[in-house]
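A.B. asks: Model the structure of this input:
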Amino acid sequence: MRISIAEAQGQLEELVKRAEQGEEIILTQPGLPSARLSIVHTATQTSRQHYDAVAELAKIGPLTSKREPLSAEEKRKVFEEIRRRAPERDLFDSTDAAHSQDFLYDEFGLPK
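C.D. replies: Take a look at the predicted model:
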């Protein structure tokens, strides 16, 4: 659907609903495409990642239910547990930061 920005101002809520249902909404300004409305997937992905992180932290040890900041000792315990579990979960690939771009260079260190 193509709609001018002036027309879209009065029906933004409807346009957002249509975009959420998968319809492509193109906003035009003097007849030329100017912007596209699209849904944002990161909001749900972020909340799911947050939930998974909270679940992992809950396994490590009891967290305060009042959502108070962790004490320095609690933070230290959490980080120690994460470091302990990291090798088990294979969180890191074999390439370290210093060598992550080696594929860009030949055996003499020159750009390919």
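A.B. asks: Could you chop this structure up by domain?
C.D. replies: Domain ranges of the chain: 2-37, 42-89, per automatic domain parsing.
A.B. asks: measure the shortest one end to end?
C.D. replies: Taking CA to CA, to the nearest Å, the first and last residues of domain 2-37 lie 11 Å apart.
A.B. asks: Count the residues that sit near residue 28.
C.D. replies: Per other CB atoms under 10 Å, the neighbour tally for residue 28 reads 16. For the C-beta atoms, the positions are set from N, CA and C on the backbone; glycine is no exception.
A.B. asks: Skipping adjacent residues, who's closest to it in space?
C.D. replies: Setting aside the residues directly before and after it, residue 28 is nearest to residue 4 in space (CB to CB, 6 or more residues apart in numbering), at 5.2 Å.
A.B. asks: That neighbour against residue 27, yeah?
C.D. replies: Yes: the criterion here is CB atoms under 8 Å, and residue 4 meets it with residue 27 at 7.3 Å.
A.B. asks: quick one: which of those two has more around it?
C.D. replies: The residue with more neighbours, out of residue 4 and residue 27, is residue 27; 19 against 13, by other CB under 10 Å.
A.B. asks: Which residues outside the one helix or strand the more buried one maps to are in contact with it?
C.D. replies: Element membership for residue 27 (DSSP states H and E) is strand 25-29. Residues outside strand 25-29 that contact it (CB atoms under 8 Å, 6 or more residues apart in numbering): 1-5, 8, 15, 18-19, 33-38.
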